[in-house]
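Enquirer: sequence first, predicted coordinates after that:
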Amino acid sequence: AQTVTQSQPEMSVQEAETVTLSCTYDTSESDYYLFWYKQPPSRQMILVIRQEAYKQQNATENRFSVNFQKAAKSFSLKISDSQLGDAAMYFCAYRSARETSGSRLTFGEGTQLTVNP
Amino acid sequence: KAGVTQTPRYLIKTRGQQVTLSCSPISGHRSVSWYQQTPGQGLQFLFEYFSETQRNKGNFPGRFSGRQFSNSRSEMNVSTLELGDSALYLCASSLAGLSNQPQHFGDGTRLSIL
């Protein structure tokens, strides 16, 4: 079974600064997807960024980028130029590429990010 | 395009009762997954439905069940409610539940058990 671990329950950053959220995972599979989701107080889970394991290039989405280290099973999220609207709970998630696994996501414990003005 | 709609937003029940939660996926989406979110256990996968069939199931007792209708709307039912069932229940939909297709989440139903 796959597991996802986020070792930072809480992080804080100053507005306009950069912050990195950590995530490690454990799997015996070679093909999978990794995600970062954001959950603001409104409760809706919003996809921030995703990474395909077969791609060596790190994914980027505007101010969000990842550092994917497949051998180390590490998947960190970097938020540049942090904004007040980035404050939320961030979840790292794993999804197998096996069709029998369907849409099942395995989530980490979450990191609560505070952005200070 | 309307997003994933979950009803009701809030629900209060007492121990021993049963409850039904509803999820309407994005139009055209045929896969619906359910998750339970609690402070202690985090986000846990309940089950996934695709084309009216349960395709995947998490490690929850038989009191938790679900179904999907021909229009892809899904319901989950919890019988004989326990205090520990208090949680945010999230539903997510995707086109066909394939691994390369993104999932879209609803706002969740907050269930409180008294």
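Expert: Cool, the structure landed. Numbers count the residues shown, from 1 in each chain, chains lettered A, B, ... in the order given.
Enquirer: for chain A, what are the nearby residues on chain B?
Expert: Chain B comes close to chain A at residues B:31, B:33, B:35, B:42-45, B:48, B:50, B:55-56, B:58, B:88, B:90, B:92, B:94, B:97-108, B:110, as judged by CB under 8 Å from any CB of the partner chain. C-betas here are computed from N, CA, C, even on glycine.
Enquirer: give me the buried subset of the residues you listed.
Expert: For the residues of chain B next to chain A, a neighbour count by 16 or more other CB atoms under 10 Å in any protein chain shown gives the buried set as B:31, B:33, B:35, B:42-45, B:48, B:50, B:55-56, B:58, B:88, B:90, B:92, B:94, B:97, B:99, B:103-108, B:110.
Enquirer: so which of the residues you listed belong to helices?
Expert: With helices defined by DSSP state H, no entry of these lies inside them.
Enquirer: looking at those, which are in strands?
Expert: B:31, B:33, B:35, B:42-45, B:48, B:50, B:55-56, B:88, B:90, B:92, B:94, B:104-105, B:110 (DSSP state E).
Enquirer: around chain B, which positions in chain A sit nearby?
Expert: A:32-33, A:37, A:42-47, A:50, A:52, A:91, A:95-99, A:101-110.
Enquirer: give me every residue that touches the closest residue to residue B:54 other than its chain neighbours.
Expert: Sequence neighbours aside, residue B:47 is the residue nearest to residue B:54 in space, at 5.7 Å (criterion: CB to CB, 6 or more residues apart in numbering or on different chains). Neighbouring residues of residue B:47 by CB atoms under 8 Å, 6 or more residues apart in numbering or on different chains: B:33, B:34, B:54, B:56, B:57, B:58, B:60, B:64, B:66, B:76.
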